[in-house]
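**Q** what follows is a protein structure lacking sequence information:
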């Protein structure tokens, strides 16, 4: 059999390339109404009165009172679908107006008068006291280790918002079938069943009477994990009331103002070193800004605390994590999901400690890296081979990191100075803890038709990461069929079982394994020319049981690993940097498609570098200031250089053909490698990201 | 009433002259390849060719294309040049979510018309008005390069 890694043209390539793909904004339904929101203009207050203008015939307004249940289910259900009595952030939806003419709908929204009694607002993480989530774990005897330490080093890091900036903004179309009492929802989303369950609850409809269909989706990166549930409920409520299809289509400024982002954070670390310069104990105090409602913040925080010590083995640990409530836009999922904050802090700390003890960043790391068989921070185990030495050897060969590091450590003069930075990182694949086993229980069905084509029925979506292609390749390889015989349409909940959301680097590893197992079953009973079906249900691998209360056990079934190197030149006059080289080596188990995986690495690394360097977003008086592509800068083609990327084969038995999670891993190392390179060029420590030219210059001036 | 040439055919728009060209294309003529990514000329998802130049249709008033020739992906996708680009974008893995792709193709076409054999730096510059969040750009640059190399005589 041909190596499965060999690249093929993507299943959806021609459709997307030719402009024929139907995204949500391209969906047209007979009599479809356009919509716009009345939103809170203040960060916190009580709604005293809402006065609507006279609505012309054919126009409707919906709010919380129109719903069967105004609670949006996202892990917990504190967030209302529409604010009714109280508004908790700028941009919170109060009403949705819909009608045949968009300009008229917008005018009606402007003419709607909301009277508030303003209440005190908590606008920053530092002022916040209310907790959305709190996790704490300990390992060893931290106090004793600190008491014995030869040296204690403390440092505080901060990270900013990061906007997913998917090119396609959020959108949803809802269609109410009054005759059958059924709601049909079409949208840009990562989790069809999250949306379905939310609409069922909010409208009081049962399983049979809500259908969700994924439209071609223009990027997600986590931003379309939980958020689409909210607009689906709002659009569905309007469609039901109007008796006509309703489209919710954000514009970019609206999207950037009100949708979830990566949590800003503050991370305080204290490290205790012995006389041989080894870290014997570490305390980490991690605080994430959840925004106005808890949403996914608790699960994001779980990942932040789980990777607080990065890829390093530290005997005594005390990790405390909080997600705090502020009157700002709720934060949520973004590729890496709490990992990038901790990895940035820990990797920066490693560089700063290395400098303190007079070692190179690489040698200091090598003293501490974990190996197979070591305990994880929560008392689980690294069950599989940890290929850090292989990753380092490969990246050294590709980038000449050590030689350049030594050269740039010599005194530099003049306006332009060079630096090179390295980061090591890991990503726990799939959901944290036992959610796969206890909550999701994913199922996949393969349906074979009389013409021997095989359809994959799963609720996981292709949002650009290539899942249609990788799923199809797995089935084609098992059944030894040409790829054209495998069909993988966009999920429609009336047709596909719940195989869980497209998140947490789980789709290929967890659901892909079910696809593989179902294909093997189908193969075993294959009868040509006959309609047949094969089902596969999730089976949990043997692990150290996870205990969420004690925060102990195997948090993840497997880990993916990576190393990044960034080389750059800093302009001391302007604070601008110019990338000279970017390298990445990753272990994602077995690569299912070389080109698909390269795309994940290329895109993820640039998002990581963007996170560390230029992607600046702040809230002022609770309102997002950089809410457009004019003000919030993501990297352009001019901000990149040709990257050099390689993958290490490290077969994982519980993944399809040996594959592990891959999508999020690639983002994690960009920021710390970038800042490390700037630090070497500038000869200064920078504990805050994004490290913009303004921040570099401000530090130069000191 | 305003006349222009759309994908090679004479046409008349009934919309007011201050309408966004993007809305005219999408809503009046049903051409859905041009996409709105930002609505303020920053991302290039709506890019079309106007008399061979790359324009962001979201910040182009209809009046500005009076008498001019507008080309969208729909008017380009049956050409040999497109077929080569389709193959090269596929091989290079230059399309992920696909939302930036129609604009990106028009940017590539605008470049190759002017410079059939561009240097890497020229490709970078030519697509720098088109944002892509998925690919990190290098695979798109590789695709355009590949098309230029294989496209002898096409451009």
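**A** It's in. All figures in this text were calculated on a predicted structure; none of them were measured in a lab.
**Q** ranges for the helices of the stretch 351-500 of chain A?
**A** Assigned by DSSP state H, counting those that start in this stretch, the stretch 351-500 of chain A shows helices spanning A:361-366, A:388-399, A:401-409, A:435, A:467-479.
**Q** lowest average pLDDT across the ones you listed?
**A** Per-stretch averages of pLDDT across the helices of the stretch 351-500 of chain A put helix A:435 at the bottom, with a mean of 92.
**Q** run the chain-centre distance for that helix.
**A** On the basis of CA atoms, centre = their mean, to the nearest Å, helix A:435 sits 17 Å off its chain's mean C-alpha point.
**Q** and it, what does it pack onto?
**A** Taking 3 or more CB pairs under 8 Å, 6 or more residues apart in numbering or on different chains; DSSP states H and E as the contact definition, helix A:435 has no neighbouring helices or strands. (Glycine included, C-beta is placed from N, CA and C.)
**Q** domain assignment for chain B?
**A** Domain ranges of chain B: B:2-72, B:80-150, per automatic domain parsing.
**Q** strands of the stretch 1-150 of chain A, residue ranges please.
**A** A:33-39, A:45-51, A:60-62, A:86-87, A:93-99, A:113-118, A:131-139 (DSSP state E, counting those that start in this stretch).
**Q** name the residues that touch the shortest one?
**A** The reference is to strand A:86-87. Contacts with strand A:86-87, where a contact means CB atoms under 8 Å, 6 or more residues apart in numbering or on different chains, come from A:40, A:42, A:44-47, A:94, A:116, A:119.
**Q** 6 Å instead, please
**A** By CB atoms under 6 Å, 6 or more residues apart in numbering or on different chains, the list of residues contacting strand A:86-87 from outside reads A:40, A:45-46.
**Q** of these, just say which sits nearest to residue A:522.
**A** Distance to residue A:522, by CB to CB, is smallest for residue A:40 among the contacts of strand A:86-87, at 52.3 Å.
**Q** who's in contact with that closest one?
**A** Residues near residue A:40 by CB under 6 Å, 6+ apart: A:87, A:92.
**Q** and it, how far from residue B:72?
**A** Counting by CB to CB, to the nearest Å, the gap from residue A:40 to residue B:72 is 39 Å.
**Q** got phi/psi on residue 40?
**A** This is for chain A. Here the main-chain torsion angles of residue A:40 (degrees, to the nearest 10) amount to phi -60, psi 140.
**Q** next one: it from residue A:119, what distance?
**A** Distance, residue A:40 to residue A:119, by CB to CB: 12 Å.
**Q** so how far is residue A:610 from residue A:632?
**A** Using CB to CB, one gets 10 Å for the distance from residue A:632 to residue A:610.
**Q** should've said residue A:636
**A** When distances are taken as CB to CB, residue A:636 and residue A:610 turn out to be 10 Å apart.
**Q** in terms of neighbours, single out the busier of these two.
**A** Applying other CB atoms under 10 Å in any protein chain shown to residue A:636 and residue A:610 shows that residue A:610 carries more neighbours, namely 25 against 20.
**Q** need the contact list for that one.
**A** For residue A:610, the residues meeting the contact criterion (CB under 6 Å, 6+ apart) are A:634-635.
**Q** need the next SSE after whichever strand or helix holds it, C-terminal direction.
**A** Under the criterion DSSP states H and E, the helix or strand holding residue A:610 is helix A:594-613. Stepping forward along the backbone from helix A:594-613, the first helix or strand reached (DSSP H and E) is strand A:619-620.
**Q** for that next one, which outside residues touch it?
**A** residue A:328.
**Q** any idea of the mean pLDDT in the helix or strand just after it?
**A** For strand A:619-620, the following helix or strand on the C-terminal side (DSSP H and E) is strand A:623-624. Taken as a whole, strand A:623-624 carries a mean pLDDT of 96.
**Q** strands paired with strand A:623-624, and their directions?
**A** In its sheet, strand A:623-624 lies beside strand A:619-620 (antiparallel), with partners assigned from DSSP bridges.
**Q** spell out which parts of chain A neighbour chain B.
**A** The interface of chain A toward chain B, taken as CB under 6 Å from any CB of the partner chain, is made up of A:9, A:13, A:16-19, A:21, A:26, A:165, A:167-168, A:218-219, A:251-252, A:464, A:595, A:599, A:602-603, A:606, A:629-630, A:636-638, A:640, A:642.
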